[in-house]
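Colleague: One predicted model, sequence on top.
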Amino acid sequence: MSGLLAGKRLLVTGVITDASIAFSVAKLAQENGATVVLTGFGRLSLVERIAKRLPEPAPVIELDVTNQEHLDSLGSRVREHVDGLDGVVHSIGFAPQSALGGTFLETPWEDVAQALHVSTFSYKSLATACLPLMDQGGSIVGMTFDATKAYPLYDWMGVAKAGLESASRYLAMYLGKHGIRSNIVSAGPLRTMAAKSIPGFSDFEDAWTRRAPLGWELTNPEPTAKAVCALLSDWFPATTGEMVHVDGGYHAIAA
Ligand SMILES: NC(=O)c1ccc[n+]([C@@H]2O[C@H](COP(=O)([O-])OP(=O)(O)OC[C@H]3O[C@@H](n4cnc5c(N)ncnc54)[C@H](O)[C@@H]3O)[C@@H](O)[C@H]2O)c1
């Protein structure tokens, strides 16, 4: 098999529909020679159905990143399909409704804690669960919505993303000795299921349409997936702790 990811064994989390960023990553990775194993959360039969739409139907393993039993058994369940991993994609985010939408000052800790558990701490949990399978080094990639600035209504999800970006730098520091890189892709707004639950998402869409110098397609996750695949490949061998923007250049331009 030829291609940018020829011979790579990848674990891709976060597929729920065929609009998921993770679906595009899995598709592009397979088209470029990778073997892909998916994880699914909750609605497993739906994820299995979506997995059949990939160029190669991919196996689906159940994973709730907040469930320690799922994490503890992940390695052995992945080994039923591949003999190790060269790359892991974290494409997971969730915040309860009270954590978004302008009630930042009132959100209770329990809801903030859930957002941080699913969206931030899980990056570390997934990495350590996969570490025994990555004995030849590899690449871990996570997804953010650039959290270096505050956005109206994004609220605690922004805090969770800032934590994720920082956690990636710490993973880069602690996993470098194993030959494992950790990088984050910061995407512009994309119409996925997660995006539907974000109040004021249409304001992001308008802002990107107006400001991104390269323009921005709200329904096309492929540019984002390409960057993820590039970071999973051997073409970023000395890059870790980095955040790559795939946002049409929006972040570089003042309002
Ligand atoms: N859509 C956007 O505009 C956008 C922009 C930048 C970054 N992102 C990020 O990209 C990632 C993927 O989101 P998406 O936009 O493809 O949406 P999506 O809804 O397709 O994917 C989100 C995934 O998170 C999974 N998930 C939620 N809770 C989980 C849990 N406890 N355990 C395991 N999985 C869980 C869901 O099952 C789903 O597959 C997220 O981190 C999101 O914040 C999205």
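Modeller: Structure received.
Colleague: from here on, contacts and neighbour counts on C-alpha atoms
Modeller: Noted.
Colleague: where exactly do the strands run in the stretch 101-250 of the chain?
Modeller: 138-144, 180-187, 243-246 (DSSP state E, counting those that start in this stretch).
Colleague: Next, see if the second one gets close to the ligand.
Modeller: Yes. If you take C-alpha under 6 Å from any ligand atom as the test, strand 180-187 does meet the ligand, through 186-187.
Colleague: let's number from 31 now, not from 1
Modeller: With the count now opening at 31, the last piece we talked about shows up as strand 210-217.
Colleague: In terms of secondary structure, what does that strand contact?
Modeller: strand 168-174, helix 185-205, helix 252-262, strand 273-276 (3 or more C-alpha pairs under 8 Å, 6 or more residues apart in numbering; DSSP states H and E).
Colleague: is it fair to say V66 lies in a strand?
Modeller: Yes. Counting by DSSP: H, G, I helix; E, B strand; the rest coil, V66 falls inside a strand.
Colleague: Measure how buried D236 is and give me the count.
Modeller: As a burial measure, D236 scores 11 neighbours (other C-alpha atoms under 10 Å).
Colleague: got it, and G37?
Modeller: G37 - counted by other C-alpha under 10 Å - has 14 other residues nearby.
Colleague: Give me the distance from stretch 132-149 to the chain's centre.
Modeller: How far stretch 132-149 lies from its chain's middle: 20 Å, per C-alpha atoms, centre = their mean, to the nearest Å.
Colleague: what does that stretch contact?
Modeller: Stretch 132-149 is contacted from outside by 95-96, 122-126, 128-129, 182-187, 190-191, 193-194, using C-alpha atoms under 8 Å, 6 or more residues apart in numbering.
Colleague: what about it, start to end distance?
Modeller: One end of stretch 132-149 sits 19 Å from the other (C-alpha to C-alpha, to the nearest Å).
Colleague: That one and the ligand, are they touching?
Modeller: Yes. Stretch 132-149 lies within reach of the ligand by C-alpha under 6 Å from any ligand atom, at V148.
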